[in-house]
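[1] missing the sequence, but the structure's below:
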């Protein structure tokens, strides 16, 4: 929910990024046209770094609003830190030659590498995983010794800082891609695959660029760096950043939609699927012609349990029985709470009297679920009705009516047992009465 609102803010203010880029381009165009500023300044490494800093600043402000709204969210704070550190680091590096070298080289690169690591940490936090803060910080501190190793040449030290930053960028983006690939297996969000591809591409670009500082050394005009390949790499970074952010919006929307579907299809008390989800699952199976077996299990004397021991005790009974059903659930068995004390179990594609064993086992297992209240043991039993069909023209309502009639027979037989009706093969004609609704008098036996 928090990630959804944060990324909703990003989407709402996404136009600011386009405005910023447009203003930046217009600014440099005017300077080139009217102030005769050389084109080399427009397409320079410092100009691109400062442009990146502006884009990061827009994301920083947007995420700041989200952090204020949700101060307890770890991943929002990490995402905010990513763009704050990246903006500050890009500014420091872009102002090399204007600010002291200790600021541009040590502080700037340190902040930027920390931001790269926090990209990975933010993704881990987003998926609810452990966040190892120490690794990005240790990586960032590694830029400081480079000044001492190459103290005789600031340009050589700057070259190795670029190599160092490229290596860790590729490393952290690769880790981020692996987190997304892992989420594909765990959550199955469609956009996670595309996001993993973006971060994998991002990682490849940085790792592939590692030999370039040695093959095509960065030139320094005084202390200002100049390099065609470095400018191109920064431009690709801008494109990847925008793509990653907007894929994050899609990713969050998909997760939110999945969460909403879960809430709509899940019984709040027991955690099992609710009647709506059960109806949809059974209808899909019947429509495919696979048929199946439907069991309706009803807790015996549930009203008396509520009246004598309280609704809290009654809820505990339902939760215990639901937990047992959840252990049985799988591809071949779908269980749900379809009423107050009524549970539905459907076995798609499975029919026949041999499934009576399952109904009998359910009755025996429920009898073991004896609850204690005030030092007294509360006996718990269930009655179960069974109906099945192998036909392709039987509706859910017909199958449910047959199972409900079988449940009524189980209640009439003394409860704590199951009953089965003959298999439904054809659609019953209207008014035949063979699969009509159970009467009110029959329902009172529950």
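    Happy to help now that I have it. Small disclaimer: the values here were computed from a predicted structure and weren't measured.

[2] give me the distance between residue 115 and residue 65.
    Residue 115 is 19 Å from residue 65, where distance means CB to CB, to the nearest Å. For every residue, glycine as well, the C-beta is placed using N, CA and C.

[3] looking at those two, which one has more neighbours?
    residue 115 (24 against 15; other CB atoms under 10 Å).

[4] so where does the more buried one fall, helix or strand?
    helix 108-126 (DSSP states H and E).

[5] that helix - contacts with which helices or strands?
    helix 74-94, helix 134-141, helix 154-186 (3 or more CB pairs under 8 Å, 6 or more residues apart in numbering; DSSP states H and E).

[6] what about it, average pLDDT?
    Average pLDDT, helix 108-126: 94.

[7] same check on stretch 292-303?
    92.

[8] what comes up buried for that stretch?
    292, 293, 294, 295, 296, 297, 298, 299, 300, 301, 302 (16 or more other CB atoms under 10 Å).

[9] spatially, which two of these are the most separated?
    292 and 301 (29.5 Å; CB to CB).

[10] pLDDT at the residue most central in space within the chain, what is it?
    Compute the mean C-alpha point of the chain, and by CA atoms, centre = their mean the closest residue is residue 255, 4.6 Å away. Note for residue 255: predicted pLDDT of 84.

[11] show me what the host helix or strand of it is packed against.
    Here residue 255 is covered by helix 228-265, with elements defined by DSSP H and E. If you count contacts as 3+ CB pairs under 8 Å, 6+ apart, helix 228-265 packs onto helix 2-12, helix 45-69, helix 190-208, helix 275-287.

[12] so what secondary structure elements neighbour the third one?
    Helix 190-208 makes packing contacts with helix 154-186, helix 228-265 when contacts are defined by 3+ CB pairs under 8 Å, 6+ apart.

[13] dump these into CSV; add distance to residue 74 as well.
    Shown next, in CSV, are the helices and strands packed on helix 190-208 (distance: least, CB to CB, whole Å):
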stretch, distance to residue 74
helix 154-186, 15
helix 228-265, 15
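
[14] winner for burial among those?
    helix 154-186 (a mean of 19; mean count of other CB atoms under 10 Å).

[15] now do that one: distance to the chain's middle.
    Relative to the centre of its chain, helix 154-186 is centred 23 Å away, using CA atoms, centre = their mean, to the nearest Å.

[16] so what are the domain limits for the protein?
    2-265, 275-443 (automatic domain parsing).

[17] show me the shaky parts of the chain.
    1-43, 147-155, 222-223, 391-392, 423-446 (pLDDT under 70).

[18] show me what contacts residue 129?
    Applying CB atoms under 8 Å, 6 or more residues apart in numbering, we find residue 129 in contact with residue 179.

[19] and residue 143, by the same measure?
    Per CB under 8 Å, 6+ apart, neighbours of residue 143: 105, 106, 109, 110, 113, 161, 164, 165.

[20] just grab the bridge partners of the closest residue to residue 313 other than its chain neighbours for me.
    Nearest in space to residue 313, with sequence neighbours left out and distances taken as CB to CB, 6 or more residues apart in numbering, is residue 373 at 5.0 Å. Counting by DSSP bridges, residue 373 forms beta bridges with residue 376.
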